[in-house]
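A.B. asks: Give the three-dimensional model of this entry:
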Amino acid sequence: MKNTSLLSKRAITVALTILVFFAAGVAVPSQAQTPTVLYSFKNGSSDAAAPTGNIVQGRDGFMYGVGTAAGRGANNAGAVYKISPAGVEKVFFNFPVQYPDCISGLTLGTDGNFYGTCEATGAGQGIIYRLTPAGVFTDVHDFASGGGVFPPIQASDGNFYGVIAAGIYKMTPAGVFTMIHTFVSPDVQPVSNLTQASDGNLYGTLTLCSNGNRGCVYKVSTAGVFAEVNLFADPTGSFPCTGVVQGTDGKLYGATDFGGGTNNSGDLYSVTTAGVEADLHAFNSTTDGACNPGSFPVVNMLQVNDGNFYGTNYGGANANNGSIYKLTAAHVFSAYLFPGNGSNGGQPYSTLIQNTNGKIYGSTSGGGANSTGTFFSVSTGDPAFVLLQETAGRVGSKIGILGQAFSASSVVKFNGVTATTVTRTGSTFLLATVPAGANDGFVTVTTGTTTLTSSKKFVVHDSWSSGAPIPTAVAYSTAAAVSGRIYVVGGVNAAGTIVANTQIYNPATNTWSTGGSLPTATANASSAVVNNVLYVFGGFSAGPVASSAVWEYNVTSKTWTAKAAMPTARWGAIAVVEKGLVYVAGGSVDNSGHGNVGTLESYSAATNTWSTEASMTVERGQVAGGLIGTTILVADGSNNSGTYTGDNEGYNAATNAWTTLTADPQSRWGSCSGSIGSMFYDMGGTGPGGTALTVAESFNLSKDTWTTTLAIPQSTIYPGSAVSGGQLYCFGGWSAWLGTANSKVQIYQP
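C.D. replies: Predicted coordinates for the structure are as follows:
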């Protein structure tokens, strides 16, 4: 069985035997870009030779990394170097003698300080340290058990998260340390540090999982909830030798060391956050180099701004010197093999970094003029850009921006909205305050005639934005998201006519298309999605007379099929999916104002059958609702006294029981609502007296409390509501009581 215990000291050679390959008869691989050597590290104690681990760009524009070979640095314990994009290098910090094996490399914190780990100390089992830009070193936390091989990451919540042999930890910026997950067999032996994906979860890789000793990709929430995502197998690649990075397509990318075809040399793969794996390239250790699972720290791949991926293989190829490889967005592979004589360096053992000048930079642990490693650059053709230290925040928060050639005249814009408060440090760092009116989008910095754009979009929390207008304006529609697209079905158009339209919105492209029409024109129905299949429940077609019809929509053939009717005909209900069953709650059977029901019925799409469950405690129609964890939430609506209500209750399917919760402070009906993560959001609607509301609120189930959020820009009554990509979409509706349907698309980012 393969052993990648983090307790072992760093091995510079590969755990498997990757011996020198003979040049004779070796096929020449497709060439990735050739690196340019900028600096050869010096031998002896005067330099940070044999660099390893994570390289970062500091606020001053220099790049920082660590060299930790024994006998290097002024204290023979390794050193931190800083180097300019032109290759001007100096030793920035010498590790104290009691802190050897600080091999993880560095993470740049949002406070401007550097963070890293040491595998061992003279007195213990390793540490987390902080290093200020002035070179002040602080031992922030001492591990109780072996660790310190991987650098921590700073997540979107501002806390640091990292991996040691025992499990996964969290550390606040103030240094408060907590283990949030302990590795327990069969899921043990971590291979990599963590990556936070767009879903908020942290992802990494393990050697031992429930598939035996073939490894897996796992995820863990910031609260410590752990799950395997993908189990590796020899035919398609096994034994992960890197962590994962999230591509712009939302997939996770990484490499394995074994399996992956007839070469049995591992592969490059992608895997969705739902666990769907695709194999992208089978390594040949002779022509591609070989991944190095037996050494730490592990070197992850890098996706640059043009969409291509770059990575390094520590060994294999010429004289076991390894390679730099490139994988295009179309999954075309090429590799640059370091020469056997080591003149351009060899055995790359650090991450690659894309500097804000557009070039890639990296280091090798061997080769070069002094056989102790090099620092190199690779041209990608990407233009200069700005790098955001934080990629999300609220209006009023301060955001760090790294780049170059900034001046006192530099103008910062958040998705086109100018930041009025900007402070500058030198020509390479800006601190900008997120301005009022900003919403999700790219950040730009304009200096003179040059505009630099951020590599990632900035997410403005508690903000509203607009989407392309609905082709046919509707109120009383129902909406649901299926496979990244939102289906807006039926409703009442601006002429007051009930329609059968299926209008399809693509959030990724902000465009609309048309689907198959409902067999019967329907308004005020409910909808839900089970296994990527859309279902529409009830509504009315005339009168309004409540319908019990259930329709299933095939998104491929664009056709509707009738399913088993609801036991209770109704409109203005809410449909929520829990553990594969659809629960339809509340609603109205007529328009008398007193024909509201508290009925709860569950539908099994697998068997096309209905069951009657415990009724709500309050009969209500035109309700809002969603799912928080395993609790089905139903809020607001109109009761049988004909009044608006903020009544709020939660249903537990396991116990078939309802619990009364804190009422909505703003009683309403016909709102835009949905659950995102652990929160429920309720926007607009109409209040007592037919008042069109802009009031927006969130509900925290664990605290049983309501909080006012940023008001919806345009009051809306009876819109279609859907959640997609962590955002709440409000489609159309009336802007005033008994008004005319509008075509607005209002999008809330929590």
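A.B. asks: who's in contact with the closest residue to A48 other than its chain neighbours?
C.D. replies: Excluding the flanking residues, the one nearest A48 by C-beta to C-beta, 6 or more residues apart in numbering is G67, at 3.0 Å. Using the backbone N, CA and C atoms, a C-beta is placed for each residue, glycine as well. Shown in contact with G67 (C-beta atoms under 8 Å, 6 or more residues apart in numbering): F41, D47, A48, A49, A50, P51, T52, G73, G78, A79, Y81, G373.
A.B. asks: Could you verify my assumption that the last one touches F41?
C.D. replies: So the one you mean is G373. Yes - using C-beta atoms under 8 Å, G373 is in contact with F41, at 4.5 Å.
A.B. asks: Mutual contacts of the two, please.
C.D. replies: Taking C-beta under 8 Å, 6+ apart as the criterion, G373 and F41 both touch A49, A50, P51, G67.
A.B. asks: Pop the domain breakdown of this protein in here.
C.D. replies: What automatic domain parsing lists as the domains of the chain is 53-182, 387-455, 472-736.
A.B. asks: Dump those into JSON lines; add distance to N357 and mean pLDDT as well.
C.D. replies: JSON lines is the format used below for the domains of the chain (distance: least, C-beta to C-beta, whole Å; pLDDT from 0 to 100):
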{"stretch": "domain 53-182", "distance to N357": "6", "mean pLDDT": "93"}
{"stretch": "domain 387-455", "distance to N357": "6", "mean pLDDT": "97"}
{"stretch": "domain 472-736", "distance to N357": "29", "mean pLDDT": "96"}
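A.B. asks: Can you say which of the ones you listed is nearest to S379?
C.D. replies: The closest of these to S379 is domain 53-182. By C-beta to C-beta, the value is 11.8 Å.
A.B. asks: in the chain, which spans are helices?
C.D. replies: For the chain, no helices are identified by DSSP state H.
A.B. asks: Show me the beta-bridge partners of the spatially closest residue to L131 that is not a sequence neighbour.
C.D. replies: Counting by C-beta to C-beta, 6+ apart, L131 lies nearest to F114, which is 4.4 Å off, once chain neighbours are set aside. Beta bridges link F114 to L108, L131, judged by DSSP bridges.
A.B. asks: From here on, call the first residue 315.
C.D. replies: All right, first residue 315 from here; so that's F428.
A.B. asks: burial count for F428?
C.D. replies: Residues lying near F428 (other C-beta atoms under 10 Å) number 26.
A.B. asks: May I ask you to confirm that it is in contact with Q371?
C.D. replies: No - in this structure, F428 is not within contact of Q371 by C-beta under 8 Å, at 11.0 Å.
A.B. asks: Give me the common contacts of the two.
C.D. replies: Contacts common to F428 and Q371, judged by C-beta under 8 Å, 6+ apart, are Y378, L422.
A.B. asks: Distance-wise, check the residue in the chain sticking out farthest from the centre relative to G935.
C.D. replies: Distance from the centre of the chain peaks at S906, with 47.2 Å (C-alpha atoms, centre = their mean). Per C-beta to C-beta, to the nearest Å, S906 is found 11 Å from G935.
A.B. asks: where does the stretch 465-614 of the chain have low pLDDT?
C.D. replies: 606-611 (pLDDT under 70).
A.B. asks: Quick check: end-to-end length of stretch 1042-1057?
C.D. replies: With C-alpha to C-alpha, to the nearest Å applied, stretch 1042-1057 spans 16 Å between its terminal residues.
A.B. asks: Please point out which parts of it sit buried.
C.D. replies: Residues of stretch 1042-1057 classed as buried by neighbour count (16 or more other C-beta atoms under 10 Å): L1042, Y1043, C1044, F1045, G1046, G1047, W1048, S1049, G1053, A1055, N1056.
A.B. asks: now, which of those lie within strands?
C.D. replies: Per DSSP state E, strands hold the following members of the buried residues of stretch 1042-1057: L1042, Y1043, C1044, F1045.
A.B. asks: which two from those residues end up farthest apart in space?
C.D. replies: Top of the distance list for these (C-beta to C-beta): L1042 and F1045, 10.8 Å.
A.B. asks: Can you pull the residues that touch both of these two?
C.D. replies: Common contact partners of L1042 and F1045 (C-beta under 8 Å, 6+ apart): S1035, A1036.
A.B. asks: Top of the shared contacts of G687 and F355 by number of neighbours, please.
C.D. replies: Within the shared contacts of G687 and F355, most neighbours by other C-beta under 10 Å means P365, with 32 neighbours.
A.B. asks: Please verify my assumption that that one contacts M377.
C.D. replies: No - if you go by C-beta under 8 Å, P365 and M377 don't touch, sitting 10.8 Å apart.
A.B. asks: where do the strands sit along the stretch 565-714 of the chain?
C.D. replies: Remark: strands assigned in the stretch 565-714 of the chain by DSSP state E, counting those that start in this stretch are 566-572, 581-585, 591-596, 616-617, 623-627, 637-641, 647-651, 667-668, 674-678, 688-692, 701-702, 706-708, 712-716.
A.B. asks: Sheet partners, orientation included, of the last one?
C.D. replies: Neighbouring strands of strand 712-716 in its sheet, by DSSP bridges, are strand 701-702 (antiparallel), strand 743-747 (antiparallel).
A.B. asks: Point out the one among those strands that comes closest to S871.
C.D. replies: When the strands paired with strand 712-716 are compared by C-beta to C-beta, strand 701-702 sits nearest S871, at 43.0 Å.
A.B. asks: any residues touching that closest one, and which ones?
C.D. replies: Residues contacting strand 701-702 (C-beta under 8 Å, 6+ apart): Q371, T670, I713, G714, I715, L716, G717, V757, S768, S769, K770, F772.
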